[in-house]
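Chemist: Here you go, sequence then predicted model.
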Amino acid sequence: MRKISVLLAVLIMLVGCGTQKDGTQAVTQTVIDLNTPVTRGQAIKMLALSRCSIDGINTLPREIAPMDSDISNWCDKYINAAVHEGLISGTQENTILQNDMLTLEQANFILKKAGGGRNLVLRYSEEDRKKPISLDVWLQAFDAIDDNCTQREIVLLADKTLCPELSDGYVLSSEGLLGAEGIEIRPEYFLKPVQALMRDSDILALKEITDGPAVIKNAVVEEVCDNGITANIAGCHMFFPCDANALGLAAGTTAELKLDGGIIAEAIR
């Protein structure tokens, strides 16, 4: 894995608490809006990974030729896998329209194809059939057709906007590099425990910011300075503000780090 350096002190300023008029810090709660619409591209990625591993998707012969996709498009391999598995087909114009919102009618069609004989039906009125389906409703429907994805708690550390060395479609996390193609990751999601729907090392959806500390396991302390430490996390070099002496952190030690507002509050060796 490539070595990546990220200065988290900058990130803390970006996502930290706001200052009130009296000078005190206002603690704001971060939530993931599950009412946001789902794009066709995100739904296609989820469908593909519900049936195939990412290795299988990457090695699958390309069998599609929709007019709005080519091999340089991040979604192309997922479109190919979903079509190969019989989960989707193009629109009447032979296009996928991956950036359009997935409608209730389209989601219902997918459920019928992917249901494996089960009678999975979304209930909606005729006048609502063209309305976009929300992430909340789509996740509930997806759960009924998926057997391979799992929910895990992760800590997001940086994306390409914070660390230019990262490749497009990847995010640095407490579990190393994770695939995040088609996933919106906002600055306020970083350095917090997040419940994510995963398939192996790929994120399908972010579901909830949870309470409690952000935990990073197996962090190897590389350098100690007056205002923090540099730790190696899955081959990536991260700087964390802390009082290293009070925490008993020394170079060469391996620890489980618990973060509070991006600062190491506790270290368990």
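Modeler: Looks like it arrived, so ask away. Numbers count the residues shown, from 1 in each chain.

Chemist: among the helices and strands of this structure, which has the poorest mean pLDDT?
Modeler: Of all helical and strand segments in the chain, the minimum by mean pLDDT, DSSP states H and E falls on strand 18-19, at a mean of 36.

Chemist: how close does the closest residue to Asn73 other than its chain neighbours get to Ile71?
Modeler: Ranked by C-beta to C-beta, 6 or more residues apart in numbering and with sequence neighbours excluded, the top spatial neighbour of Asn73 is Gln98, at 7.7 Å. All C-beta spots, glycine's among them, are computed from the backbone N, C-alpha and C. According to C-beta to C-beta, to the nearest Å, Gln98 and Ile71 sit 14 Å apart.

Chemist: what does Ile264 give?
Modeler: When C-beta to C-beta is applied, the distance between Ile264 and Ile71 equals 43 Å.

Chemist: swap in Tyr124?
Modeler: Applying C-beta to C-beta, one obtains 36 Å for the distance of Tyr124 from Ile71.

Chemist: quick one: which of these two has more around it?
Modeler: Counted by other C-beta atoms under 10 Å, Tyr124 and Ile71 do not tie: Tyr124 has more neighbours, with 17 against 8.

Chemist: Which of the helices or strands spans that one?
Modeler: Taking DSSP states H and E as the definition, one finds Tyr124 inside no helix or strand.

Chemist: Run through the stretch 151-269 of the chain and note the low-pLDDT ranges.
Modeler: Under the criterion of pLDDT under 70, none of the stretch 151-269 of the chain is flagged as low confidence.

Chemist: what about 80?
Modeler: Scanning the stretch 151-269 of the chain with the threshold set as pLDDT under 80 gives 234-235.

Chemist: show me where it has strands.
Modeler: Defined through DSSP state E, counting those that start in this stretch, the strands belonging to the stretch 151-269 of the chain, from first to last, are 170-173, 176-179, 193-199, 202-209, 214-225, 228-233, 236-241, 254-260, 263-268.

Chemist: could those strands go into CSV alongside distance to Gln42 and mean neighbour count?
Modeler: Putting the strands of the stretch 151-269 of the chain into CSV (distance: least, C-beta to C-beta, whole Å; neighbours: other C-beta atoms under 10 Å) gives the following:
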stretch, distance to Gln42, mean neighbour count
strand 170-173, 15, 23
strand 176-179, 13, 18
strand 193-199, 11, 21
strand 202-209, 7, 20
strand 214-225, 25, 17
strand 228-233, 27, 21
strand 236-241, 26, 20
strand 254-260, 28, 18
strand 263-268, 33, 16
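
Chemist: Output these in TSV; the columns should cover distance to Ile133.
Modeler: Supplementary listing: the strands of the stretch 151-269 of the chain in TSV, determined by distance: least, C-beta to C-beta, whole Å:
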stretch	distance to Ile133
strand 170-173	25
strand 176-179	23
strand 193-199	16
strand 202-209	13
strand 214-225	31
strand 228-233	36
strand 236-241	36
strand 254-260	35
strand 263-268	39
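
Chemist: and of these, who's closest to Ile88?
Modeler: With distances scored as C-beta to C-beta, the stretch of these nearest to Ile88 is strand 202-209 (15.8 Å).

Chemist: list the helices and strands that closest one packs on?
Modeler: On a contact count with 3 or more C-beta pairs under 8 Å, 6 or more residues apart in numbering; DSSP states H and E, strand 202-209 meets helix 40-51, helix 135-145, strand 176-179, strand 193-199.

Chemist: Quick one: these as JSON lines, columns for distance to Glu222 too.
Modeler: Below are the helices and strands packed on strand 202-209 laid out as JSON lines (distance: least, C-beta to C-beta, whole Å):
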{"stretch": "helix 40-51", "distance to Glu222": "34"}
{"stretch": "helix 135-145", "distance to Glu222": "39"}
{"stretch": "strand 176-179", "distance to Glu222": "16"}
{"stretch": "strand 193-199", "distance to Glu222": "24"}
